[in-house]
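1. turn this into a model:
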Amino acid sequence: MYGAILGDIAGSRFEFTRPEHFNWRTEQLFTGMSKYTDDTVLTVATKYAVLTGTPYHLAYRQFGRRYMQAGYGPMFKNWLHAQSDRGYQSYGNGSAMRVSYIGWHFQTLEEVEAQAALSSRCTHDHPEGIKAAQATAVAVYMARTGASKREIAYYIHKKYKYTVLRPLLTYRPFGKFDVTAMGTMPLALRCFWESEDWESCIRNVYSVRCDTDTVGCIAGGIADAFYGGTGQEEDALLRRFLIRPNRLGNFDTYLYDWATKKPSQLERAKGVTEE
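-> Numbers count the residues shown, from 1 in each chain. Prediction:
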């Protein structure tokens, strides 16, 4: 899951603008201008929901309201202030960017698909939104359980009709900001497909003008699972970017704590409480 969070943070600087002499092959991945966005907040909220048994809509609302400045889209922001657990027919990429932990946690393909759909329906209940969430979680699950890139691509194409056949070389001249699930998923999958490790996957994302934080979050989560890590100093980076002062001037560790919490830690805490 760390690969998804760090992919979001690495992509955050280039979501709308790039420096004049931008070079995707050599650009620093993390600088003082990098930050987490709503992709990270809701990825951690998904983990919280899974580990605590909290309904997804309540977890998203809890984390969303706690971190209101994370950069949510207008439809999701309106949903945050409502009291409904029903979706708003979105086919945006927001359902896909937050589900990587589902692919890590559940032990069967069927469970992963069912939970990903459930996590999507409370907001992105359009068929394309649900499909994108399922495909992302399934790709993470297959990657971390030993499937090859070819096997992942075959299943994703057969079940969800996404293809990875179009090379990034053809994306680069025509890249544009696209927050739809339909526009995001093939690109994110291709960034993973053409990678050799997690870092090269994120550099592939840099190479195309796109919704870089979300494409980085989706592709980075899959690459992390496939390559067995990011190759970065993960804990140091998570501490650096997730622990920030709150409105009272105190350091807020809540996002970092849940991002890094292990299921065994939660089980031990429950045991102490019950005793």
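2. mind listing the strands for this structure?
-> 244-245, 251-252 (DSSP state E).
3. model confidence over stretch 32-45, on average?
-> Averaged across stretch 32-45, the pLDDT comes to 97.
4. contacts for it, please.
-> 1, 4-5, 8-10, 12-13, 15, 59-60, 62-64, 67, 70-73, 76, 94, 97-101, 213-214, 217, 221, 241-242, 255, 258-259 (CB atoms under 8 Å, 6 or more residues apart in numbering). For the C-beta atoms, the positions are set from N, CA and C on the backbone; glycine is no exception.
5. now do the buried residues in it.
-> S34, K35, Y36, T37, D38, D39, T40, V41, L42, T43, V44, A45 (16 or more other CB atoms under 10 Å).
6. how long is that stretch from one end to the other?
-> End-to-end distance for stretch 32-45: 25 Å, by CA to CA, to the nearest Å.
7. let me know the distance separating I130 from F30.
-> Look at I130 and F30: by CB to CB, to the nearest Å, they are 33 Å apart.
8. those two: who's more crowded?
-> Higher neighbour count among I130 and F30: I130, with 23 against 16, using other CB atoms under 10 Å.
9. that one is in contact with A117, isn't it?
-> Yes - counting by CB atoms under 8 Å, I130 touches A117, with 5.2 Å between them.
10. just give me the neighbour total for G73.
-> 14.
11. surely it and D211 touch.
-> No - contact criterion CB under 8 Å: G73 and D211 do not qualify, at 10.8 Å.
12. give me the common contacts of those two.
-> V179.
13. hmm, back to that, type out the ChimeraX command that picks the buried ones from the contacts of stretch 32-45.
-> The buried residues among the contacts of stretch 32-45 can be selected in ChimeraX (16+ other CB under 10 Å) with this line:
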select :1,4,5,8,9,10,12,13,15,59,60,63,64,67,70,71,72,76,94,97,98,99,100,101,213,214,217,221,241,242,255,258,259
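14. spit out the contact partners of the nearest residue to Q232 once chain neighbours are set aside.
-> What sits nearest to Q232 in space, not counting adjacent residues and going by CB to CB, 6 or more residues apart in numbering, is L6, at 6.2 Å. Applying CB under 8 Å, 6+ apart to L6 gives the contacts F30, G220, T230, Q232, E234, L237, L238.
15. go on, A10?
-> So A10 contacts L29, F30, S34, I202, G216, G220 (CB under 8 Å, 6+ apart).
16. next, format those as JSON lines and append distance to Y141.
-> Formatted as JSON lines, the contacts of A10 follow (distance: CB to CB, whole Å):
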{"residue": "L29", "distance to Y141": "26"}
{"residue": "F30", "distance to Y141": "27"}
{"residue": "S34", "distance to Y141": "28"}
{"residue": "I202", "distance to Y141": "21"}
{"residue": "G216", "distance to Y141": "20"}
{"residue": "G220", "distance to Y141": "16"}
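17. can you report how many residues lie near R239?
-> Going by other CB under 10 Å, the residues that sit close to R239 add up to 13.
18. pretty sure it contacts D257?
-> No - R239 lies out of contact with D257 (CB under 8 Å); the separation is 10.8 Å.
19. what packs against the helix ranked longest in the chain?
-> Determined from DSSP state H, the single longest helix within the chain is helix 127-144. Under the contact definition 3 or more CB pairs under 8 Å, 6 or more residues apart in numbering; DSSP states H and E, helix 127-144 sits against helix 100-105, helix 109-121, helix 149-160, helix 181-193, helix 212-227.
20. list the buried residues in it.
-> 128-144.
21. coming back round to it: which of the helices and strands packed on helix 127-144 is buried the deepest?
-> helix 212-227 (a mean of 30; mean count of other CB atoms under 10 Å).
22. what angle do it and helix 149-160 make?
-> 120 degrees (axes from the mean of the first three to the mean of the last three CA atoms, to 10 degrees).
23. and the angle from helix 212-227 to helix 127-144?
-> 30 degrees.
24. make residue 1 into 41 and carry on from there
-> New numbering, starting at 41: the last item is helix 252-267.
25. export helix 252-267 to CSV, keeping only CA atoms.
-> C-alpha atoms of helix 252-267 as CSV (Å, rounded to 0.1, in the frame of the first residue of the first chain):
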residue,chain,number,x,y,z
THR,A,252,-0.3,12.5,-12.2
ASP,A,253,-1.1,12.0,-8.5
THR,A,254,-4.0,9.6,-9.1
VAL,A,255,-2.3,7.7,-12.0
GLY,A,256,0.8,7.5,-9.7
CYS,A,257,-1.3,6.3,-6.8
ILE,A,258,-3.0,3.5,-8.9
ALA,A,259,0.1,2.4,-10.9
GLY,A,260,2.4,2.8,-7.9
GLY,A,261,0.2,0.6,-5.8
ILE,A,262,0.3,-2.2,-8.4
ALA,A,263,4.0,-1.8,-8.9
ASP,A,264,4.7,-2.0,-5.2
ALA,A,265,2.8,-5.3,-5.0
PHE,A,266,4.5,-6.7,-8.1
TYR,A,267,8.1,-5.7,-7.2
